[in-house]
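Student: Sharing a model prediction with you, sequence too.
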2 protein chains.
Amino acid sequence: MKEEINKEKAILQAAEEEFITKGFAATKTVEIAKKAGVTHAMLHYYFRTKEKLFNCVYEEKIELLKQSVQVFFTETSLPFAERIKLGIESHFDFLRANPRLPMFVINEIMSNPERLSLVEKTIGEIAINILATLQGQIDKAVKEGEIVPVKASDLIIDIVSLNIFVFTIFPLAKFALIPQYDSEEDFFNSRKRENVRMIMCRLKNND
Amino acid sequence: MKEEINKEKAILQAAEEEFITKGFAATKTVEIAKKAGVTHAMLHYYFRTKEKLFNCVYEEKIELLKQSVQVFFTETSLPFAERIKLGIESHFDFLRANPRLPMFVINEIMSNPERLSLVEKTIGEIAINILATLQGQIDKAVKEGEIVPVKASDLIIDIVSLNIFVFTIFPLAKFALIPQYDSEEDFFNSRKRENVRMIMCRLKNND
DNA sequence: TGCACTATTAACAATCTTGTTAAACAATAA
DNA sequence: TTATTGTTTAACAAGATTGTTAATAGTGCA
């Protein structure tokens, strides 16, 4: 039988949608089952408990989140500022494809702090090394006169702040912001340019 | 009797804490009652339903959120950039005092889109006017050669992105970031300076 | 004091939600 | 075919959660 795989996947996908938009507590397993087109007993048959089903979704998303930041640390032959520019743009595009991801993760950690440990394990162990590597690259670029000094953690926070906010705030600010732009598409493109500009400005000027 | 006011307030305060950290769905009225030190029947006596109690908290918070942005539009005799600098700092301080507020509001809108209408009513009606006013001030400052051109909505998004992110991401990134700074206090002060620097840089340079 | 009103409690009811189970069903291989 | 294995369903059970109610206690005031 092949149906079993499809049903399991259907449940997973429905669960992902529900969990990401509503969060763990607000999501009802019956709703997931309904959305997936199966009886809710099937959900328990495949995933045993709501908690286990949630973890399948959650762990996958943590992995995604991790990848979204690693883009800044792929070594190339480009000048530092150029590499950061590409990093910002690809991070922005990633968020556009997964706009609810950051909020989802932060949220579940808030209401259930034990979940933080998975993030620490997955991201924490590489974060320290990665920041040190980036700091090394920054220092080198500074010495060569390409950019002004900046703390690696500040640079990352600057970039991620500007990028993430565009997507998390969007549902709230949509009605006020969209009239300022030609279209949603125009808004996102314009913001991508503005974010790159902000960071380049920071890297080049000594105010 | 005076106790009634105290009990009602105790319930409201407990509700605020619970709703803001856990969200509507994950919050149990019994827990609120326990935290407030009253029987859960009292909660229903004063607020009728969980929904009504939630709205008391929610509406108050929306009002706060509105005030947090208005700080940018209080007219003074200071030069434009100076005024914006003060606005950023006071917005930052406000968020430090209410770190969970933005996430809370965005979250509840996500899981229950009808709530957006209250935000639209409260903030939407003033947002358009306010953006127009700001744009006027920007254009004037540009003409006088104080700053470079910028779209009002972009400037606001830049500021709010940088400020909000520091507090919403903090629980997630704490373990990786704090070792980079002397203390939590040092981290926040350093970020406040960095955020001001970013915006001043944007306003002064033509990259 | 006694009346009217509000506050408070404990017990209860209704519903929702998660999870289980036993039996029916399908596919497959011996 | 029959035994075995895995899938599916419907019905149920336990517990949590919100909300009600009827009886009780307290308060202010005529």
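Tutor: Thanks, I have the structure now. Worth saying up front: this structure is predicted, and the values here are computed from it rather than measured.

Student: and chain A, which of its residues are near DNA strand C?
Tutor: Counting by C-beta under 7 Å from any atom of the strand, the residues of chain A close to DNA strand C are A:1, A:27-30, A:40-41, A:44, A:48-51. Heads up, the C-betas are built off the backbone N, CA and C, glycines and all.

Student: please redo it, this time with the cut-off set to 10 Å
Tutor: Residues of chain A lying close to DNA strand C by C-beta under 10 Å from any atom of the strand are A:1-4, A:18, A:24-33, A:39-45, A:47-54.

Student: quick one: which of those residues sit in helices?
Tutor: A:3-4, A:18, A:24-26, A:29-33, A:40-45, A:47, A:50-54 (DSSP state H).

Student: Low-confidence stretches in chain A?
Tutor: A:1-5 (pLDDT under 70).

Student: That one - how does it break down into domains?
Tutor: A:1-48, A:55-204 (automatic domain parsing).

Student: got the buried residues for the helix or strand containing A:D186?
Tutor: Here A:D186 is covered by helix A:184-204, with elements defined by DSSP states H and E. By neighbour count with 16 or more other C-beta atoms under 10 Å in any protein chain shown, helix A:184-204 contains the buried residues A:187-188, A:190-192, A:194-203.

Student: neighbours of A:I178, just the number please.
Tutor: 15 (other C-beta atoms under 10 Å in any protein chain shown).

Student: Please disregard the earlier target; I meant A:E60.
Tutor: 12.

Student: Now stretch A:30-41: buried residues?
Tutor: Quick answer for stretch A:30-41 (16+ other C-beta under 10 Å): A:32-33, A:36, A:38, A:40.

Student: which residues sit in contact with A:F73?
Tutor: A:130, A:133-134 (C-beta atoms under 8 Å, 6 or more residues apart in numbering or on different chains).

Student: do that again at 10 Å, thanks
Tutor: A:83, A:87, A:126, A:129-131, A:133-134, A:137 (C-beta atoms under 10 Å, 6 or more residues apart in numbering or on different chains).

Student: Tell me if the host helix or strand of A:F175 is near chain B.
Tutor: Using DSSP H and E, the element containing A:F175 is helix A:170-177. Yes - Helix A:170-177 comes into contact with chain B (C-beta under 10 Å from any C-beta of the partner chain), by way of A:170-177.

Student: Any chance of these in CSV with neighbour count and distance to DNA strand D as columns?
Tutor: Shown next, in CSV, are these (neighbours: other C-beta atoms under 10 Å in any protein chain shown; distance: C-beta to the nearest atom of the strand, whole Å):
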residue, neighbour count, distance to DNA strand D
A:F170, 17, 30
A:P171, 16, 25
A:L172, 19, 25
A:A173, 21, 30
A:K174, 15, 30
A:F175, 15, 29
A:A176, 20, 32
A:L177, 21, 35
